[in-house]
Structure formats: structure tokens, C-alpha cells
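A.B. asks: Here is a sequence with its predicted model. Questions after.
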Amino acid sequence: MLISSRIVRSSLANAPLKLSRFFTQAHTVRKEEDPIAPPPRSSEQPEQKYTHFGSKTVLKSTKQKLVGDVFSSVANRYDLMNDIMSLGIHRLWKEHFINKLDAGKRPNSTTPLHFIDVAGGSGDIAFGLLDHAESKFGDIESTMDIVDINADMLKEGEKRAMEQGKYFKDPRVRFLVSNGEVLEEIESDSKDIYTVSFGIRNFTDIQKGLNTAYRVLKPGGIFYCLEFSKIENPLMDLAYQQWAKVLPVMGSMIANDYDSYQYLVESIERFPDQETFKSMIETAGFKSAGYESLTFGVCAIHWGIKV
Ligand SMILES: COc1cc(O)cc(C/C=C(\C)CC/C=C(\C)CC/C=C(\C)CC/C=C(\C)CC/C=C(\C)CCC=C(C)C)c1O
Ligand SMILES: C[S@@+](CC[C@H](N)C(=O)[O-])C[C@H]1O[C@@H](n2cnc3c(N)ncnc32)[C@H](O)[C@@H]1O
């Protein structure tokens, strides 16, 4: 069941490249606990040397490899596990995410949009955005870069494109293995829409990822994120905590991988709450930042505009 705040949309600017919208949102949430790092072994401050990997404290330099191992391990059962763990609800979240953005080159525009879906994995969002643009606006010109740091996950996306006979070897669509914290292949001020879905939680440096999102977007471009968040209702949180205990057991029974799904649960716990993440989006320079909580706050859509 999706609970969403009322959305007040300004009329869309006709200019095809400026998708300016304003949403209303009002939420109160808990503050995020600070991570407890081991005492520094050198003169470096702990925050410069250590970070969290789920509930563990690890050297910052090792997190990317640890996360990479997790997603290489889950890649071949990723879609199946999503349906089982969320009882299919993740599909509703993604559908709502895509419909709410409502992006696409309008029929009266001659300029295609340039999308980038970071941590795109098996392509749920990227393909969904292109399908939406085509079915609603007849847009078959806008381009999509699907970026992921993990080649195994990206292969799942390419496999799906090939099987569905759409977006495979399509000149409009690029599959790029790249780190969302840097995006060295992506020019500054080059994208109209930046999306990231259930990905930024896994970055070593979330703020760096947000700053990079700001860099690659054009003025007027939209940052748009779907990520796990904080459940605002204590009773629902209690029920969720019971459900979350089962996820690693499911991971072990179905994917023979308890640890990756234990990491999933712990990484959700570690991610900033709605207001904290909104502040981080504003720190990156975005304006009109806001969010909408879904399913009691199990996840949230955050946005911001580069002006
Ligand atoms: C390693 O990292 C990952 C690995 C992977 O394979 C996937 C992901 C990304 C994960 C997803 C897209 C979905 C993961 C699903 C969950 C974390 C579970 C989400 C939980 C729910 C939808 C149920 C929430 C339950 C409550 C709020 C309790 C109250 C609700 C009710 C009683 C009514 C509905 C109840 C249920 C639906 C159980 C990955 O990062
Ligand atoms: C849970 S999957 C999400 C996939 C897809 N966006 C979706 O909504 O189903 C998380 C993805 O983030 C990717 N990822 C993790 N850290 C990343 C980084 N620093 N840069 C780019 N992708 C990253 C992983 O490889 C994985 O494919």
C-alpha cells in the first residue's frame, strides 16, 4: 500500500529541457545515530579512514570491493529476490517513482531528453523510464545511460534488454561500468534527468555521489532518488523489524547467501532518515529539495533541481 503526500505540481514548463515541478511534503523523522568507529591507529581522523559496511566498521578503501562482492553474488537472483522480499511491492514503488517523475520529450518539443540512471543494475528504472516516455509522449528519441559499478549486475540488465528485444544494442541506450561517486565518462552539465534507485545507500561516500549528480546535470535538471528510509510509525517499524529478520534467512534458503541479505538489512538501518538525506541533497547544491515517504516510510522518493 503506498501512502503518498499530496503533490502540488506546477504546470510543466513547455521548454522540453526544463522539467520544473514543485511538490509539497511535510514529515518529521528521527535523527540518524552517528557510526562508532574504532580508535584511530594513525594520525588520520577516524572519519577519513573508516566507514560502515552494514553494521561493520571497515577501512574506507575496502568498502567498494565488499559491496562489489555482494552484488556479484546476488546478481543472478536479484529480480526474484526483490519480488520475494518485498512481496512484489518494490514494483509498485518503482512504478510510482516513474509515473510521478512523468519524464519524456513532449510532442511539441524537438529536443530529446538525456537520462542517466545510476546504480541501474538490472534496468528496472532505466527501461521503465524509456517505456513511459514512449507510451505517454511518443518519445523514441531521448537517450539513456545506465551506469553501474558492477559488471555482473549490468549484464543482468543487458540480458533483459536482449530477451525483451528492446534497448539492446540501441544507439539511444548505453550500459556503462562506472562509479556513481565519480562518473568520469559523463560530461558536466550534460544530463536532464538523474535517477538512482536503491543504489546510493551502497556508495562509500554518499555526499560525493550527490555532488557528482549535481555536476552532470544541466541547469534545470532533476535529481530523483528512490531509496530505503525510516518508518515513521513505531508500530509499523516493529512489524518491519520482524519482517527484516526473515530476509537473510530467505537469502540463505533461496540464494544460498545469508551474508548479502544481512548486509541489505543493515545497510537500510544505516542510511540517513528522510530529513537528513534531504539536507545532504541541498548541501550538493540542489534547490526545491523534497521527499515523499512510501509504505509507512519503508522507502522514500527524494528530489532536487539544479538551478
Ligand atoms: C544486497 O542488497 C540488495 C540485494 C537485493 O537482492 C536487492 C536489493 C534491493 C531490495 C529491494 C528492491 C527490495 C528489498 C525488500 C525489502 C527490504 C523488504 C521491504 C519490506 C516490505 C515491503 C514490507 C514492509 C512491512 C512493514 C512496513 C510492516 C507493516 C506492513 C504490513 C503489516 C502490511 C504489508 C506487509 C508486508 C508487505 C510484509 C538490495 O539492496
Ligand atoms: C539494489 S541494486 C539497485 C538496482 C536498480 N537500481 C533497482 O532499482 O533495482 C544496487 C545497485 O547499486 C550498484 N552500486 C553500488 N555502489 C555503486 C557505485 N558506487 N556506483 C554505481 N553503482 C553502484 C550495485 O552494483 C547494484 O547494482
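C.D. replies: Structure's in. What do you need? Numbers count the residues shown, from 1 in each chain. Ligands and ions are numbered 1, 2, ... in the order given.

A.B. asks: ok, now how distant is residue 222 from ligand 1?
C.D. replies: 22 Å (CB to the nearest ligand atom, to the nearest Å). For the C-beta atoms, the positions are set from N, CA and C on the backbone; glycine is no exception.

A.B. asks: what about that residue, which SS state?
C.D. replies: In the three-state summary, residue 222 is assigned as strand, counting by DSSP: H, G, I helix; E, B strand; the rest coil.

A.B. asks: from memory it sits against residue 191, does it?
C.D. replies: No: using CB atoms under 8 Å, residue 222 is not in contact with residue 191; the gap is 9.4 Å.

A.B. asks: Hmm, residue 199 is touching residue 122, no?
C.D. replies: No: counting by CB under 8 Å, residue 122 is not a contact partner of residue 199; they are 11.7 Å apart.

A.B. asks: who's in contact with residue 304?
C.D. replies: 222, 223, 281, 282, 284, 286, 287, 288, 289, 290 (CB atoms under 8 Å, 6 or more residues apart in numbering).

A.B. asks: What count of nearby residues applies to the residue lying closest to it once chain neighbours are set aside?
C.D. replies: Distances taken as CB to CB, 6 or more residues apart in numbering put residue 286 closest to residue 304, at 2.7 Å, once the chain neighbours are dropped. By other CB atoms under 10 Å, 23 other residues sit near residue 286.

A.B. asks: same check, this time on residue 277
C.D. replies: Residues within reach of residue 277, counting by other CB under 10 Å, total 25.

A.B. asks: what's the answer for residue 165, then?
C.D. replies: Neighbourhood size, residue 165 [other CB under 10 Å]: 7.

A.B. asks: On the pLDDT front, check it for me.
C.D. replies: Looking at residue 165, its pLDDT reads 96.

A.B. asks: Number the residues from 458 up from this point.
C.D. replies: Fine by me, first position is 458 from now on; the one you just mentioned is residue 622.

A.B. asks: mind checking the backbone torsions on it?
C.D. replies: Here the main-chain torsion angles of residue 622 (degrees, to the nearest 10) amount to phi 60, psi 30.

A.B. asks: So for the strand or helix carrying residue 612, what gets flagged as buried?
C.D. replies: Residue 612 is part of helix 608-621, with elements assigned from DSSP states H and E. The neighbour-count check on helix 608-621 (16 or more other CB atoms under 10 Å) flags 609, 610, 611, 612, 613, 614, 615, 617, 618 as buried.

A.B. asks: which residue does the stretch 508-657 of the chain bring closest to ligand 2?
C.D. replies: Distance from ligand 2 to each residue of the stretch 508-657 of the chain (CB to the nearest ligand atom) is smallest for residue 578, at 2.8 Å.

A.B. asks: same for the helix holding residue 612, what does it pack against?
C.D. replies: Helices and strands in packing contact with helix 608-621 are listed as helix 517-531, helix 535-543, helix 581-594, strand 600-605, strand 630-634; criterion 3 or more CB pairs under 8 Å, 6 or more residues apart in numbering; DSSP states H and E.

A.B. asks: mind running it again at 7 Å?
C.D. replies: Helix 608-621 sits against helix 517-531, strand 630-634, with contacts defined as 3 or more CB pairs under 7 Å, 6 or more residues apart in numbering; DSSP states H and E.

A.B. asks: per-residue confidence at residue 648?
C.D. replies: 98.

A.B. asks: what about it, neighbour count?
C.D. replies: Other residues within reach of residue 648, judged by other CB under 10 Å, total 26.

A.B. asks: Which residues are in contact with it?
C.D. replies: 571, 572, 573, 673, 674, 675, 678 (CB atoms under 7 Å, 6 or more residues apart in numbering).

A.B. asks: Can you flag which of those belong to strands?
C.D. replies: 571, 572, 573, 674, 675, 678 (DSSP state E).
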